[in-house]
Structures are given as structure tokens and as C-alpha cells.
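Participant: Next comes the sequence, and after it the predicted model I'd like to discuss.
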Amino acid sequence: MHKVTWRRCAPLSALAKFHAARGPSCQKSALKNTPADVLEMPPCSFTPQEYKGMSKERMMEIRRRNCHPMTMKVTYYKKPVFIHQGHMQWLWDVDGRRYLDLFAGVATVSVGHCHPKVTAAAERQLKMLVHTTNIYVYPPIHEYCEKLASNFPEPLKVVYLTNSGSEANDLAMCMARLYTGNFDIITFRGSYHGGSPQTMGLTSLADYKYPVGIGLGCTNTMCPDVFRGPWGGGHCRDSPVQTTRECNCAQGYCEANEEYIEQLKQTLLTSVSSRIAAFFAEPIQGVGGAVQYPKNFLKEAYKLVRERGGVCIADEVQTGFGRTGSHFWGFQGHDVLPDIVTLAKGIGNGFPMGAVVTTREIADAFTRGVHFNTFGGNPLACSIASSVIDTIKEEGTQQNSLEVGTYLMTELAKLRNKYEIIGDVRGKGLQIGVEMVQDKASRAPLSPQDMLAIFEDIKDMGILIGKGGIYGQTFRIKPPMCITMDDAHFFLSVFNKSIQNYMEKR
């Protein structure tokens, strides 16, 4: 087993210069007993506060007794991580151990935990005005709506603020139905668009479904997954890394795209009425496992939907605000213009917030009744969200996502070529999925037990990542967009070691 050497890269951007200016390293909080052939955890100059609160045993007792049992069901890891404090891409547990956070609270912490600029904006607003509602006129909501709208192309210039992505998608469903006068809405299999009563119809993963009559009028069509689906090749998707499936398509033609479009046509012919309300799609599926579609699929799908009276909705809850690197919004990478865009997660760097951005005509249709949201557009939320956009622009966060994310994917592809159980590597920027399989020939998903073994091992070596996919077979890498190339090197060495450890135990 060869020794991996430590190397430090030159700064990439204004964001890298920010990290370099943080001062000397403070290593005492890093995890100990790092294997000899794994890189040392990159330095961090921030010193967390000593934890003096409730014991871990007491927290788990309360979690079992007073928190809803669903909280226990979704708790990550057999040995849970007890988080105490965060700073940029780092988290510390109550014992003072440091972790590199590559999941960002489920792709939510966009510019970094407790980012100094965002924290300062929150503190200023806390001293001025914590809450009022949009029944009054106050500066933060107008300043933010104008700033957010300025980052969208015409005619997407009208903003409605909510508290979450589920709320935003719920509202988008209602707007689409009111505007079109139609009812049926189409989403992909494997999609996740929220857990509210209406959005559960959009969500197409069995684990999130309940046997009750909610989410009516939603139909799921085949997801154009060029790795796991029946069609796909080596040139299909807009990603630094393609599948290893063979492709004999002529230049400028994609057979997989044609086949998946035909599946959508069949859904339109057989499963919905002749006039529909909307088509929902994430530019890259999030919970579904960072699934990417053929390059022209959304463009052709949007045309079919509009021919049937429907509007096209881009769920940017996970892909928005520069996470895909090449563009500020994920839909721009598909060369399409949606009628409605929904936002959340990274919009507030972890502060609860969501938004619907649409056209004037669609927005006007929603005024036939009265809709009111007590906390939507809260001045504190707007001030925080405004500072997030400023930080992304000032620190080159989007470019950092492109550079570090592309490097990560190309290096992960080398590990895919090395190990039989890594079936696919995909994504754009820092929206990355690594799909694990039993073997490359069958593409059968790696078992939940085996996934958990690797997952726990990565955590024990100091890195937190996520999981997703219909079978829970995909590792999700969606870190705060401030991570550095050194962090990428550290993750790659840990991930490589975790696969080695698993293979030795098979």
C-alpha cells in the first residue's frame, strides 16, 4: 500500500485568499488516529468554544422520549455525531473533534458555517428589527427582492418569499394551476420536492410516501437517468465525468435522449389529461442521487409541456446560487427558461427561507384570492439572504465550486476506474453523486448494510457526507461552497481508504 504524500495547492480565487488570511493553523481539534496512508486533515485557524452543555446520554434520552420518533429514524450513523459548533467548512462535536463537512446540512450551508459576513448582517438586523410582516412596508424585503430578481433573466422578475422549499414548491403548484386552469402536474420518478401534503404528490420516492389521500393530481414519468436507466451512453450529460456505458450515436444525436423523450410523450398520451398544469424538474436531482439527464432533454420536455398548456418549473432548492459552478442557476446549464423557479436551502446559508420567482402574468393569476405568510420575507431572513448573495459575488464562490468540484469529480472518476463497486461519478460543481454498485456489469445497487459500513468509516476518519438515490446507493457530496483544494485532497484520500477497507473485509 503506497504512502500518499501531502501537497498544498496555490489559492484559486478570492475565497482561497480569504482562507489564507485566517492565520496560523490550530490542529488540536482534529480527529486522532488517522491511518498512515490518509492525508492529514487540513489546518484550521478557528478555535471552537469548549462544550459545557448537556451530556450525550441526556440528549439521546430526550431525543427518544420527547422528540418525535421520526427524529430517531432519520438520525445519521450508528454512532451519531453530536454537533456543537461550526465555522466555514468545519464542524466540531461536543468532544472537540473536528469534521470536514461535505454535506452542508443537506446542501444548505452555501457560503460556510457562521460565515463572518453573514453573521455580521444577522447581528445588525437583530439589533434593528427582528420581525414584522409584509402587511407593512420595510426596507429589507424590498432590498432583497430587487437583489434576487436582478440575478434572474427576463421575465422572471416577481418574487414571493416563503420559509422553506416545501412551501415554495407547494405555492408553485397552486400558481401553476390557477394560471393555466389545468390540474395535472408531472414530475420524475426518484424526485424529491418536499414533504408538505401537496408536494408529497410531486415527490416520487416510496420512503417519503404515506398511504393517505394527499398530493392529488401528480403523475410521475420515467427519470432520464443515463447511468441506471435503460438508455444511456458516454456523451449524454453536461458533466466533467460521463458514464462508462458505450455510445454509438452520431455527432449531434443522442439516442438516449430520444428514448426518454418518447417515455415522456407516452406519459402525456396515457396518464394525464390533454391539458396539463405543470412539469417540475430539478436541474440535477438532489435526494434522488445527483442524477443528470441527457443534455437536451429539458429543452425538448419544456416544449412538449408548453404545447399542452402547462408551465415549466425549475426546482433550484439544491442547485441554485452557484452550486453547479458553470452558472448561477442550474437551469441555465440546460439552456432553458422556466416559467417558475423555486428556491430554498442555500438561499439563507442555513437560515430558514424559501422563494418563488416567476413572471408578472403568473403572479397576477395568484391574486384572485388572498395568500398570506406570517414569516415569509421576515426582515432578519431577508438581511441574511442578501448578505449571502453579496458573499457569493465578492468571494468568487461560484468559481470555487466549478474549480474544486470539477477536480473532485475527475479524481473520483479515477477511483471509479479502479474499484468495481464504484459504478458512476456525476454532477456539476459541488453537486456531486457517487453511485455504488455490487459490480459494474449488473449495476445492482450496493446493499444498505455495505453502504452504511463505508459511510461510517468515512465519518470516523473525519468527513461527513450524505446518501441518496432510490435504493440509498449514492453518496452525496454537497459541501459549503468555500471548501478548498486541500479539503478535496483530504476527502479523496479518506474515500479511497474507506473503499480499500471495505474491499479487504468482503
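Facilitator: Looks like it came in fine.
Participant: State the distance from residue 401 to residue 499.
Facilitator: 25 Å (Cβ to Cβ, to the nearest Å). C-beta here means a position set from N, CA and C on the backbone, and glycine is covered the same way.
Participant: ok, now residue 75?
Facilitator: Taking Cβ to Cβ, one finds residue 75 at 25 Å from residue 499.
Participant: Of those two, which one has the most company?
Facilitator: residue 499 (20 against 13; other Cβ atoms under 10 Å).
Participant: so residue 426 sits in a helix?
Facilitator: No - checked against DSSP: H, G, I helix; E, B strand; the rest coil, residue 426 lies outside a helix; its state is strand.
Participant: Count the residues that sit near it.
Facilitator: So residue 426, with other Cβ under 10 Å, has 27 neighbours.
Participant: what do you get for residue 410?
Facilitator: Residues near residue 410, counting by other Cβ under 10 Å: 12.
Participant: so it sits right up against residue 240, yeah?
Facilitator: Yes - assessed by Cβ atoms under 8 Å, residue 410 is found in contact with residue 240 at 5.7 Å.
Participant: For residue 35, give me its contacts.
Facilitator: 461, 497 (Cβ atoms under 8 Å, 6 or more residues apart in numbering).
Participant: Local confidence estimate at it?
Facilitator: Here, the pLDDT recorded for residue 35 equals 76.
Participant: what's the distance between it and residue 494?
Facilitator: 9 Å.
Participant: if I look at the two, which residues touch both of them?
Facilitator: The contact lists of residue 35 and residue 494 share residue 461, where a contact means Cβ under 8 Å, 6+ apart.
Participant: Give the buried residues for stretch 402-411.
Facilitator: For stretch 402-411, the neighbour count (16 or more other Cβ atoms under 10 Å) marks 402-409, 411 as buried.
Participant: quick one: secondary structure of residue 451?
Facilitator: Assigned by three-state DSSP, the conformation of residue 451 is helix.
Participant: Pop the domain breakdown of this protein in here.
Facilitator: Annotated domains of the chain cover 14-52+80-103+396-505, 117-218+275-394 [automatic domain parsing].
Participant: Out of those, the one nearest residue 246 is which?
Facilitator: Closest to residue 246 of the domains of the chain is domain 14-52+80-103+396-505 (Cβ to Cβ; 12.5 Å).
Participant: Distance from that closest one to the middle of the chain?
Facilitator: 15 Å (Cα atoms, centre = their mean, to the nearest Å).
Participant: Please tell me how far the most centrally placed residue in the chain sits from residue 478.
Facilitator: Nearest residue to the geometric centre of the chain (Cα atoms, centre = their mean): residue 318, 3.4 Å. When distance is defined by Cβ to Cβ, residue 318 is 7 Å away from residue 478.
Participant: list residues touching both of the two?
Facilitator: Common neighbours of residue 318 and residue 478 (criterion: Cβ under 8 Å, 6+ apart): 107, 286, 431.
Participant: tell me which element residue 267 falls in.
Facilitator: helix 255-270 (DSSP states H and E).
Participant: quick one: average pLDDT of whatever helix or strand comes next after that helix?
Facilitator: Counting by DSSP H and E, the element after helix 255-270 in chain order, helix or strand, is strand 278-281. For strand 278-281, mean pLDDT rounds to 98.
Participant: Strand 278-281 pairs with which strands, parallel or anti?
Facilitator: strand 185-188 (parallel), strand 311-315 (parallel) (DSSP bridges).
Participant: tell me the secondary structure for residue 160?
Facilitator: strand.
Participant: Distance-wise, check residue 361 relative to residue 393.
Facilitator: 30 Å.
Participant: what about those two, which has more around it?
Facilitator: residue 393 (14 against 11).
Participant: Could you pull up phi and psi at the more buried one?
Facilitator: Here is the backbone geometry of residue 393 (degrees, to the nearest 10): phi -70, psi -40.
Participant: do you know how far it is from residue 142?
Facilitator: On the measure of Cβ to Cβ, residue 393 and residue 142 end up 19 Å apart.
Participant: do the same with residue 148
Facilitator: From residue 148 over to residue 142 (counting by Cβ to Cβ), the distance is 11 Å.
Participant: of the two, who's got more company?
Facilitator: Comparing residue 148 with residue 142 by other Cβ under 10 Å, the one with more neighbours is residue 148, at 21 against 13.
Participant: what's the nearest residue to residue 282 if we skip its chain neighbours?
Facilitator: residue 315 (4.6 Å; Cβ to Cβ, 6 or more residues apart in numbering).
Participant: Over to residue 144?
Facilitator: That would be residue 382: by Cβ to Cβ, 6+ apart, it lies 4.0 Å from residue 144.
Participant: Spell out the secondary structure type for the one you found.
Facilitator: helix.
Participant: residues in contact with residue 332?
Facilitator: Counting by Cβ under 8 Å, 6+ apart, residue 332 has contacts residue 326.
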